[in-house]
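> Have a look at this fold, sequence not included:
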């Protein structure tokens, strides 16, 4: 009833958007299409700030860029500060998301960084030869079989992949530099290395060690109202009707998390 009483000061509101999981175009992954409504809703609430809870080992650079750009556009349009709170990990695309915030807070054991780009696959040419399997390809354009896992790896494929990765890495670096500015230490921060907790603060990749509730209370008063927002699972996923697709996505997700011992 308090909100209907004039002249009564309302408690500040901070929507909390949870960004947990790998980043990509899959149904259960973090992506701009799935998060757009949630992010837009958060900034429509006339909040004192918006909080991002980040727990992601990365994924698609494009989706990372789109999500971060949406957050920044709305933050600047509405003049709303954004805080990111890192849980287990904000690495690669996860750190790209964290950099959408004005300030980044970490746990003493949070893993932060991995500002780089990776292409990973498997190769099976020897196995196929042993099994007597012949690979047959008919293609127009010599690059159509780029990094084919059933053919031996070629030096020209490696050079081509590195050429494709270079502009993505440059875009990532530019994003971090634009968002972190002179807070960054004079060190080699862009070689895909990772750091833990306070060390990431010392290097300027984060602003301090803090947890969401006490930090937001200290910034916006003890009566700050935290409103959790996050993507909901689809009806088919809740009833287990996409088990094959979910199992494949789970394997890929586990591979990303495993890089950080999680």
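Nice, I can see it. Because the structure is a prediction, the values reported are computed rather than measured.
> for residue 198, what are its contacts?
For residue 198, the contact set (Cβ atoms under 8 Å, 6 or more residues apart in numbering) comprises 108, 209. Where C-beta positions appear, they are placed from N, C-alpha and C, glycine not excepted.
> And the next helix or strand past the strand ranked longest in the chain?
Assignment by DSSP state E gives strand 82-91 as the longest strand of the chain. Per DSSP states H and E, the first helix or strand lying C-terminal to strand 82-91 is helix 93-98.
> and that following helix, what does it pack onto?
strand 50-56, helix 61-78, strand 82-91, strand 111-113, helix 155-180 (3 or more Cβ pairs under 8 Å, 6 or more residues apart in numbering; DSSP states H and E).
> So for residue 201, which of these sits nearest?
For those, the distance to residue 201 is smallest for strand 111-113, at 8.9 Å, taking Cβ to Cβ.
> Can you tell me which helices and strands that closest one packs against?
strand 82-91, helix 93-98, strand 194-196.
> low pLDDT regions in the stretch 101-250 of the chain?
117-154, 156-158, 161, 231-250 (pLDDT under 70).
> all strands for the stretch 151-262 of the chain, in order.
194-196, 208-209, 225-229 (DSSP state E, counting those that start in this stretch).
> Out of the ones you listed, the one nearest residue 100 is which?
strand 225-229 (15.2 Å).
> contacting residues around that closest one?
Taking Cβ under 8 Å, 6+ apart as the rule, strand 225-229 contacts 11-18, 38, 41-42, 45, 51, 212-213, 216.
> the inter-axis angle of that strand versus strand 50-56?
40 degrees (axes from the mean of the first three to the mean of the last three Cα atoms, to 10 degrees).
> Counting neighbours, what do you get for the closest residue to residue 99 other than its chain neighbours?
Counting by Cβ to Cβ, 6 or more residues apart in numbering, the nearest residue to residue 99 once its immediate chain neighbours are dropped is residue 179, at 4.2 Å. For residue 179, the tally of surrounding residues (other Cβ atoms under 10 Å) stands at 18.
> just residue 40 next, same as before
For residue 40, the count of nearby residues is 11 (other Cβ under 10 Å).
> Enumerate every residue touching it.
70, 74.
> Check the gap between it and residue 102 for me.
Separation of residue 40 from residue 102 (Cβ to Cβ, to the nearest Å): 19 Å.
> do the same with residue 229
Following Cβ to Cβ, the distance that separates residue 229 from residue 102 is 19 Å.
> Ok, residue 165 next?
From residue 165 to residue 102 the distance is 29 Å (Cβ to Cβ).
> can you check residue 209 too?
17 Å.
> and if you look at residue 87?
19 Å.
> So between the two, which is more surrounded?
For residue 87 versus residue 102, neighbours defined as other Cβ under 10 Å are more numerous around residue 87 (20 against 16).
> Surely the more buried one and residue 112 touch.
No. In this structure residue 87 lies outside contact range of residue 112 using Cβ atoms under 8 Å: 11.0 Å.
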